[in-house]
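In: Kindly generate the corresponding structure for this input.
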Amino acid sequence: MLSNFKQSPRKVRLVADMIRGKSVVFARDQLAFLPKKSAPEIAKLLASAVANAREQGFAAENLVVKTISVDKGLVLRRFMPKARGRAGRINRTMSIVRIELGARGESKKTSAHKVAAPEAATTETEKPVAKKKRVAKKKTP
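Out: Now for the predicted structure:
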């Protein structure tokens, strides 16, 4: 986890989206030549995650970037002088980057496997319930 990286989440997500779902070897090569400020920091985070996976007994060649998420971190509020004595606020948002690696052969859980709830089937023994009619009351003067 890379917390409070001093770049806005919107800019960091551009780099994160490029490596999501890719193999670790391909992602490492792609980050090495990407001309973005966040690319070296995400590459260091990826290298740390690969080192942790090696300690668990996985090989780097069989790993993929399963999930990578970029969230909003701390916000530094700065003020810039504007016309007529006013001040404009500048928000400097930081990012929190989380990465999760998975083995290449793992199955992904999708929402397509969810079973739809069965509709209530009416049987012959059930009787339909009559609804009450709503009658408007007359107002008395």
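In: Pull the distance from the lengthiest strand in the chain to the chain's centre.
Out: Longest strand in the chain by number of residues, with DSSP state E as the criterion: strand 63-81. Counting by Cα atoms, centre = their mean, to the nearest Å, strand 63-81 is centred 11 Å from the centre of its parent chain.
In: Next: stretch 65-82.
Out: Centroid displacement of stretch 65-82 relative to its chain, using Cα atoms, centre = their mean, is 15 Å.
In: Please identify the buried residues of that stretch?
Out: Val65, Ile68, Val70, Gly73 (16 or more other Cβ atoms under 10 Å). (C-beta placed from N, C-alpha, C; glycine too.)
In: Can I get the longest strand of the chain in PDB, CA atoms only?
Out: Taking C-alpha atoms only, strand 63-81 is exported to PDB below (Å, rounded to 0.1, in the frame of the first residue of the first chain):
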ATOM      1  CA  LEU A  63       1.600 -13.500 -11.100                       C
ATOM      2  CA  VAL A  64      -0.900 -11.000 -12.400                       C
ATOM      3  CA  VAL A  65      -2.100  -7.700 -11.100                       C
ATOM      4  CA  LYS A  66      -5.400  -8.800  -9.700                       C
ATOM      5  CA  THR A  67      -6.600  -5.500  -8.400                       C
ATOM      6  CA  ILE A  68      -5.100  -2.100  -8.100                       C
ATOM      7  CA  SER A  69      -7.200   0.700  -6.600                       C
ATOM      8  CA  VAL A  70      -6.400   4.400  -6.200                       C
ATOM      9  CA  ASP A  71      -8.300   6.300  -3.500                       C
ATOM     10  CA  LYS A  72      -8.300   9.800  -2.200                       C
ATOM     11  CA  GLY A  73      -5.900  10.500   0.700                       C
ATOM     12  CA  LEU A  74      -5.200  13.600   2.700                       C
ATOM     13  CA  VAL A  75      -6.100  17.000   1.300                       C
ATOM     14  CA  LEU A  76      -3.700  20.000   1.800                       C
ATOM     15  CA  ARG A  77      -5.700  23.200   1.600                       C
ATOM     16  CA  ARG A  78      -3.700  26.200   0.300                       C
ATOM     17  CA  PHE A  79      -4.800  29.700  -0.500                       C
ATOM     18  CA  MET A  80      -3.900  31.900  -3.400                       C
ATOM     19  CA  PRO A  81      -4.500  35.700  -3.400                       C
END
